[in-house]
Every structure is written in C-alpha cells, then in structure tokens.
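*Asks:* sequence and computational prediction follow.
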Amino acid sequence: MTPAPPAGTPAAAVAVVGIGADGWDGLPAASRAALAEAEVLIGGPRQLELLPAGQCPGERVRWPSPLRPAVPGLLAAHAGRRVAVLASGDPMFYGIGRALAEELGAAALRVLPHPSAVSLACARLGWPVEDTEVVTLVGRPAARLAAALHDGRRLLVLSANADTPAEVAALLRERGFGPSRLRVLEQLGGERESAYEGVADSWAHGPGDALNVVAVECRRSPDALRLGVVPGLPDAAYDSDGQLTKRYVRAATLAALAPAPGELLWDVGGGSGSIAVEWLRAHPSCRAVTIEKNPVRAERITRNAERLGVPGLRVVTGAAPAALAELPTPDAVFIGGGLTAPGLLDAGWAALPPGGRLVANTVTLESEALLTEWYRRHGGELVRLAVAQAVPVGGFTGWRQAMPVTQWSVTKSGEQER
C-alpha cells in the first residue's frame, strides 16, 4: 500500500511514473494504479506503447517536439483531470520530472520512479554508482563529453539515439583517448536486452538499438596532451594567435575569480577564451559569456570551447562596454583586455551584485595606474605576478622573464554598490 502523504499536504495534480524497457510487467503496484486511474496519459510513443490498453483506458497524448516549450500549454489543456506522465526510468534523473517540478511545483507532483538506466548499467557492469560519472548526450552536443575524459575514469553516456556510440568512439579518437574500451548496453531491463563492445580506435559497429547506454573505460594515448581538473591547462591546449592568458597567470586568475557551481562569469576581452573555458570546466553547472570584438578570435573561442568539452560557452562578438548592456547579471567579471576603454570598468562594476567578484589583469603602465586608482577607492587585492622560465643560453641555462602582470581582485560589498 502506498503511504498516505502528511496531513495538510495538497493532493498531487500529476502522477509522474517511471517505466523501463520491461514495461508494464516491471512496474510496482503503486505505479500501475496511478496509470490505470489516470484520465490522461502523456508520454513519448515508446512509453505509451508499453501500456496495455485494457488496463490503462485513459486518453493517450504524445509529447510534441520540441518538448520543453510545450509543457505549460499541454498541462493547461488537461487541467482538472487526473493526469499521469510517463518517463524513462527515474523521472528526476535527466527526465521530464525536472520540467514538471519547475512548471507546477514539487507539491503538485507524485513521482513514482523506476530504476534508472544508470543503476541498471552499473548493476550489469559491477561498477559502483558513486564512482561512475554520468554524461547525457540527449539533446546535448557530443563535445561536452570531452570535459569528462581522464585516464582511468569510468563514464556512462546516456545516448541520444542509435548513432551515439559511433559518435562517442569518434570523439574519443579525436581527443587522444582511442585506446578506451566501450560497451554498449541496449534495452536494459527488457526482454531484448543485449550488449556489444569494442575499442574506440577500431570501432566498427554500425547503429544498433536507439535505447542504449555507452559505458566508457577511459584510456589516454601515451602521446596525447594531459588535461587536469584544476585551472592552468597547458597553453598548447588552446588554438591561439598569441592573445592568450598564459598558464600560470591563468591559474592565479581563476583562483581569484573562485568559480562555484551555478555561477555566471563575464569574460571581457576573451582572446582565446581560456578564462571562460576553465571557469566552465570547474563544474558542469557553471555558466559563462565571453565578449570579444574580433570576429576571427570569437570563432576561435568557440572552437576552443568545443574541443575542451564546454560547448555551452556563449560568445558575444562586440566591443565592451556596449556589448555588456543586455547580458544577464554576472556573479564574477574578468577583464583581460581593453581596461582603458571609457566606461568599461564602471560597467563591469555596476553589473555586479553584492558579493560579486571582479578581477582585472594588465601589463601596461596606463592600465596599471587605472587599477591602482580603483584599488584605492574600493580595496581588494592588488598583486603583481611575475613568471620566469628556464631557457637555453648558449651551452647553459638561464631565466627568461615574462612581462609582469598586475592583477586587481575585489569582492563587492553592499556599501560599494555606487
């Protein structure tokens, strides 16, 4: 028997029922009852076809495409009726449950989950769920997988369709992970469950079943560039025309910016996009907008972001501060170029809410004087970063000094809003 909700809890308007490839037979009694009692059954064609007509007599409504914008109208059209929404596996794990909760509120939902594809895959593979990273490519570009590639890691890729395994293998080869082992698990939990495997370098399998999960055991090629998880990727990771915040200064800059999950960065004067790219790599929920006035560099930033696994980077081609006018409120602002442009620092500072951070780097005396004045007015930290590298000097070795970088970083308080 399904436990009763706490006293005072409003009745749920929508039942959200997870269903697997095992269909009706794999559902517990509570899920079956919710579907049998529903006046309206909403789901994808595959899920709806799993329900026996005699036991689920409700009106069947297929989700339109694109799905997310259709949610409010579809729910409104059936307001006042008993509605059940079908989802694959766990509705709250990359499923329709999130969109419904955002639209209706959690109190209006009764969520009845089924084991997710991830749980079933880990059970088949013998992988601990907590040690397995999950990347979904459903409605998302395959390039985002690149950020999760690290030697020895185990990944589960939620596939968009039957072509996804081949796309994953191709990306692994391109990113220097050709030796990685792939296993494709199809129709997990159903009567037609099957699996096949191979190595990315020699992947020759054609498209199989559209309902699949790709398990990846990451193996990096010995000659591939090693990319770590902390800021300060090798400069060689970026395509650049020289406008690049160099590795050690970049690491110090990201430390000052201090990215946190869900936060938004404005990267003003993007150059090669390295600051925004590494901000996004800090956490999957981080967001960033980079502003670059040079169209060629703007295109290069997009390519760098895709290659390094953060294709969600938004690139705005335009000159600051004018290009900043319509952007969403940032949690942090980095200014890596054009500091002396009239109104640029003022615009970045004005856009920040209390608690927001601003970091600015420069190598010129004129911009350094400007940062010194802002430091005098608003406090924060003013530091000079100097890096020297060992280079051959004849038959010996000596130090070659890079241009020193002056960096101002500050957190805006409520009293500093004006």
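*Replies:* On my side now, so go ahead. Owing to the predicted nature of the structure, the values given are computational and were not obtained by experimental measurement. Residues are numbered from 1 along each chain as shown.

*Asks:* can we go C-alpha only for contacts and neighbour counts from here?
*Replies:* Noted.

*Asks:* so where is the stretch 1-150 of the chain shaky, pLDDT-wise?
*Replies:* 1-12 (pLDDT under 70).

*Asks:* how about the helices in the stretch 1-150 of the chain?
*Replies:* 29-37, 45-49, 71-77, 96-104, 117-125 (DSSP state H, counting those that start in this stretch).

*Asks:* which one of those lies nearest to residue 21?
*Replies:* Closest to residue 21 of those is helix 45-49 (Cα to Cα; 8.6 Å).

*Asks:* can I get that closest one as PDB, trimmed to CA atoms?
*Replies:* Written as PDB, here are the backbone C-alpha positions of helix 45-49 (Å, rounded to 0.1, in the frame of the first residue of the first chain):
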ATOM      1  CA  PRO A  45       5.400   7.000 -28.300                       C
ATOM      2  CA  ARG A  46       7.700   4.300 -26.900                       C
ATOM      3  CA  GLN A  47       6.500   4.600 -23.300                       C
ATOM      4  CA  LEU A  48       2.800   4.800 -24.300                       C
ATOM      5  CA  GLU A  49       3.100   1.600 -26.400                       C
END
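
*Asks:* make 31 the first number, not 1, from now on.
*Replies:* Got it, the first residue is 31 from now on, which makes the last one we talked about helix 75-79.

*Asks:* check contacts around residue 108.
*Replies:* Residue 108 sits next to residue 70 when contact means Cα atoms under 8 Å, 6 or more residues apart in numbering.

*Asks:* roughly how far apart are it and residue 90?
*Replies:* In this view, residue 108 and residue 90 are 12 Å apart by Cα to Cα, to the nearest Å.

*Asks:* overlap in contacts of the two?
*Replies:* residue 70.

*Asks:* ok so, going back, can you list the helices of the stretch 31-180 of the chain in TSV and add mean neighbour count and distance to residue 358?
*Replies:* Listed next are the helices of the stretch 31-180 of the chain as TSV, based on neighbours: other Cα atoms under 10 Å; distance: least, Cα to Cα, whole Å:
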stretch	mean neighbour count	distance to residue 358
helix 59-67	18	41
helix 75-79	16	37
helix 101-107	13	24
helix 126-134	17	20
helix 147-155	17	34
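
*Asks:* what's the neighbour count on residue 354?
*Replies:* By other Cα atoms under 10 Å, 20 other residues sit near residue 354.

*Asks:* and it, backbone torsions?
*Replies:* Residue 354 adopts backbone torsions of phi -90, psi -10, taken as degrees, to the nearest 10.

*Asks:* next up, the contacts around it.
*Replies:* Per Cα under 8 Å, 6+ apart, neighbours of residue 354: 321, 377.

*Asks:* center of this structure, which residue is that?
*Replies:* Centre of the chain computed as the mean C-alpha position; nearest residue by Cα atoms, centre = their mean is residue 314, 3.8 Å away.

*Asks:* in three-state terms, label that one for me.
*Replies:* coil (DSSP: H, G, I helix; E, B strand; the rest coil).

*Asks:* residue contacts, it?
*Replies:* residue 291.

*Asks:* per-residue pLDDT of it, please?
*Replies:* With respect to pLDDT, residue 314 scores 94.

*Asks:* same thing with residue 403?
*Replies:* Residue 403 is assigned 96 on the pLDDT scale.

*Asks:* give me the neighbour count for it.
*Replies:* 12.

*Asks:* before we move on, back to that, mind putting the helices of the stretch 31-180 of the chain into a markdown table with distance to residue 267?
*Replies:* As requested, these are arranged in a markdown table below (distance: least, Cα to Cα, whole Å):
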| stretch | distance to residue 267 |
| --- | --- |
| helix 59-67 | 50 |
| helix 75-79 | 42 |
| helix 101-107 | 41 |
| helix 126-134 | 35 |
| helix 147-155 | 31 |
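
*Asks:* can you show me the strands along the stretch 281-430 of the chain?
*Replies:* 294-298, 317-322, 344-347, 362-365, 387-392, 411-415, 418-423, 426-431 (DSSP state E, counting those that start in this stretch).

*Asks:* excluding its backbone neighbours, what's nearest residue 375?
*Replies:* Take residue 375 and drop its neighbours on the chain: the residue closest to it by Cα to Cα, 6 or more residues apart in numbering is residue 369, 6.7 Å away.

*Asks:* so the one you found touches residue 397, yeah?
*Replies:* Yes. Counting by Cα atoms under 8 Å, residue 369 does reach residue 397; the two are 6.1 Å apart.

*Asks:* the two - which one has more neighbours?
*Replies:* Between residue 369 and residue 397, counted using other Cα under 10 Å, residue 369 has the larger neighbour count: 22 against 19.

*Asks:* residues in contact with that one?
*Replies:* 375, 390, 392, 397.

*Asks:* and the strands in the stretch 131-280 of the chain, which stretches?
*Replies:* All strands of the stretch 131-280 of the chain, identified by DSSP E, counting those that start in this stretch, fall at 139-142, 163-166, 184-188, 211-216, 224-229, 242-247.

*Asks:* helices or strands next to the last one in the packing?
*Replies:* Looking back up the chat, that one is strand 242-247. strand 184-188, strand 211-216 (3 or more Cα pairs under 8 Å, 6 or more residues apart in numbering; DSSP states H and E).

*Asks:* tabulate these (a markdown table), appending mean pLDDT, distance to residue 170 and mean neighbour count.
*Replies:* Below are the helices and strands packed on strand 242-247 laid out as a markdown table (pLDDT from 0 to 100; distance: least, Cα to Cα, whole Å; neighbours: other Cα atoms under 10 Å):
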| stretch | mean pLDDT | distance to residue 170 | mean neighbour count |
| --- | --- | --- | --- |
| strand 184-188 | 98 | 10 | 22 |
| strand 211-216 | 98 | 19 | 21 |
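
*Asks:* relative to residue 58, which of these is closest?
*Replies:* Residue 58 lies closest, by Cα to Cα, to one member of the helices and strands packed on strand 242-247: strand 211-216, at 22.5 Å.

*Asks:* need the helices and strands packed on strand 242-247 in a markdown table with distance to residue 401, can you?
*Replies:* Formatted as a markdown table, the helices and strands packed on strand 242-247 follow (distance: least, Cα to Cα, whole Å):
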| stretch | distance to residue 401 |
| --- | --- |
| strand 184-188 | 45 |
| strand 211-216 | 51 |
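
*Asks:* so who does residue 409 touch?
*Replies:* With Cα under 8 Å, 6+ apart, residue 409 has these contacts: residue 440.

*Asks:* again with residue 301
*Replies:* Contacts of residue 301 (Cα under 8 Å, 6+ apart): 270, 273, 274, 322, 327, 328, 331.

*Asks:* nearest to residue 124, of those residues?
*Replies:* Nearest member of those to residue 124, counting by Cα to Cα, is residue 331, at 28.5 Å.
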